[in-house]
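> predicted model and sequence follow; I will ask about them next.
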Amino acid sequence: MAKRGNRIQVILECTEHKGTGEPGTSRYITTKNKKNTPDRMEIKKFNPILKRMTLHKEIK
């Protein structure tokens, strides 16, 4: 039986895309260790709709 770890799956969503009014969203799925990083993640990722690097925050 596999041991259950501390890693959980999280969704990152672009913060700048909401204000532009363009259709679609930029989302990424990744994992994080909830023991080491209990706070919400903030990472700069590429947004293919805006064609530039933007800040992506973890959503519920």
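Nice, thanks for sending it over.

> so where do the strands sit in this structure?
Secondary structure of the chain (DSSP state E): strands located at 7-14, 27-33, 42-47, 52-59.

> quick one: K45 from R4, how far?
Distance, K45 to R4, by CB to CB, to the nearest Å: 28 Å. Bear in mind the C-beta positions are built from the backbone N, C-alpha and C, glycine included.

> of those two, who's got more company?
Using other CB atoms under 10 Å, the more surrounded residue of K45 and R4 is K45, with 16 against 6.

> beta-bridge partners for the closest residue to the more buried one other than its chain neighbours, please?
Nearest non-adjacent residue to K45, counting by CB to CB, 6 or more residues apart in numbering: H56, 4.6 Å away. Beta-bridge partners recorded for H56 (DSSP bridges): C14, I43.

> how far away is the most centrally placed residue in the chain from R4?
Computing the C-alpha centroid of the chain and ranking residues by CA atoms, centre = their mean puts L12 first, at 1.3 Å. Applying CB to CB, the value for L12 to R4 is 23 Å.

> and for T20?
From T20 over to R4 the distance is 40 Å, taken as CB to CB.

> and what of F46?
Where R4 is concerned, F46 sits at a distance of 32 Å (CB to CB).

> if we can go back for a sec, could you dump the strands of the chain to TSV with mean pLDDT?
TSV is the format used below for the strands of the chain (pLDDT from 0 to 100):
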stretch	mean pLDDT
strand 7-14	95
strand 27-33	95
strand 42-47	96
strand 52-59	95
